[in-house]
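Visitor: Requesting a structural model of the entry that follows:
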Amino acid sequence: MSLSLGGVSCFSDNSEPLAKISDCPTTRDILGPFYRPDPPFRTDLTWPEGKGEVLIVHGNVYGSDCTSVVPQAVLDIWHCNDEGGYDLDTDNFRLRGRQSVSPEGRYEFRTYMPGRYLNGRLYRPAHIHFLVTGPQHRHLISQLYFRGDPHIDDDPWASSKEATHRILDIAPNAAGEKTVEFDIYLKA
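Guide: Predicted structure coming up:
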């Protein structure tokens, strides 16, 4: 038997649902002060003179039944650079992008690993912001965090019980690139 942390249903070895133990929707997080509407549609947030470790983030967007994809979902994505600064230049939209999911509900983007920054007296852990919309679903504002970040325990948002399933591992893909898989579940 296994437990799907993203979807939270129990399954037997033959993958038949045994019991629904809770709702699957991805938990919400703060929008933060650095959101900018209408970033360009793109899947590559890197640029030739950019710096930092490349990270590929991918996943699916599912509906409130926890299994059906939302094929017309749109994601707004943004984060700080490796030094903890957000791009506020109205022309560039660095480390910001928007994308529609594939007909199968899949998304993927290439970016740089975000840094950390001082927020009052504490550092925010590295994170990526998401604003996700889909037809017949509530919009979602959330953040992805990275397991092992030393600032998670002190951060009031990342350390909350609601963020547990959004603290994810980074793993190499076949090409040796750092990747993280973040499946997103929307509420109807």
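Visitor: hey, let's count contacts and neighbours off CA atoms from now on
Guide: Fine.
Visitor: Make sure Thr164 is indeed in a strand.
Guide: No: according to DSSP: H, G, I helix; E, B strand; the rest coil, Thr164 belongs to no strand; its state is helix.
Visitor: List the contacts of it.
Guide: Contact analysis of Thr164 by Cα atoms under 8 Å, 6 or more residues apart in numbering lists Ala158.
Visitor: Relative to Ser102, how far out is Ala188?
Guide: For Ala188, the distance to Ser102 equals 20 Å [Cα to Cα, to the nearest Å].
Visitor: So for those two, which sits in the more crowded spot?
Guide: Taking other Cα atoms under 10 Å, Ala188 and Ser102 do not tie; Ser102 has more neighbours (17 against 13).
Visitor: measure the more buried one to Glu108 for me?
Guide: From Ser102 across to Glu108, the span is 10 Å (Cα to Cα).
Visitor: do Asn81 as well
Guide: Distance from Asn81 to Glu108, by Cα to Cα: 19 Å.
Visitor: between these two, which one's more packed in?
Guide: Using other Cα under 10 Å as the criterion, Asn81 and Glu108 rank with Asn81 on top: 22 against 18.
Visitor: Now for the residue nearest to that one when sequence neighbours are not counted: which residues touch it?
Guide: Nearest residue to Asn81, sequence neighbours excluded (Cα to Cα, 6 or more residues apart in numbering): Pro114, at 5.2 Å. Residues near Pro114 by Cα under 8 Å, 6+ apart: His79, Cys80, Asn81, Asp82, Glu83, Gly84, Ala126, His127, Ile128.
Visitor: For the fifth one, grab the count of nearby residues.
Guide: Counted with other Cα under 10 Å, residues neighbouring Glu83 total 12.
Visitor: Repeat that for the one 3 residues further on.
Guide: For Tyr86, the tally of surrounding residues (other Cα under 10 Å) stands at 19.
Visitor: Contacts only, for the spatially closest residue to it that is not a sequence neighbour.
Guide: The spatial neighbour of Tyr86 that comes closest, neighbours along the chain excluded (Cα to Cα, 6+ apart), is Cys80 at 4.4 Å. Applying Cα under 8 Å, 6+ apart to Cys80 gives the contacts Tyr86, Asp87, Leu95, Pro114, Gly115, Arg116, Ile128.
Visitor: same check, this time on Arg94
Guide: Contacts of Arg94 (Cα under 8 Å, 6+ apart): Leu45, Asp87.
Visitor: Now the terminal residues of stretch 113-121, how far apart.
Guide: Note: stretch 113-121 ends 23 Å apart using Cα to Cα.
Visitor: So for it, what gets flagged as buried?
Guide: Within stretch 113-121, the residues that count as buried by 16 or more other Cα atoms under 10 Å are Met113, Pro114, Gly115, Arg116, Tyr117.
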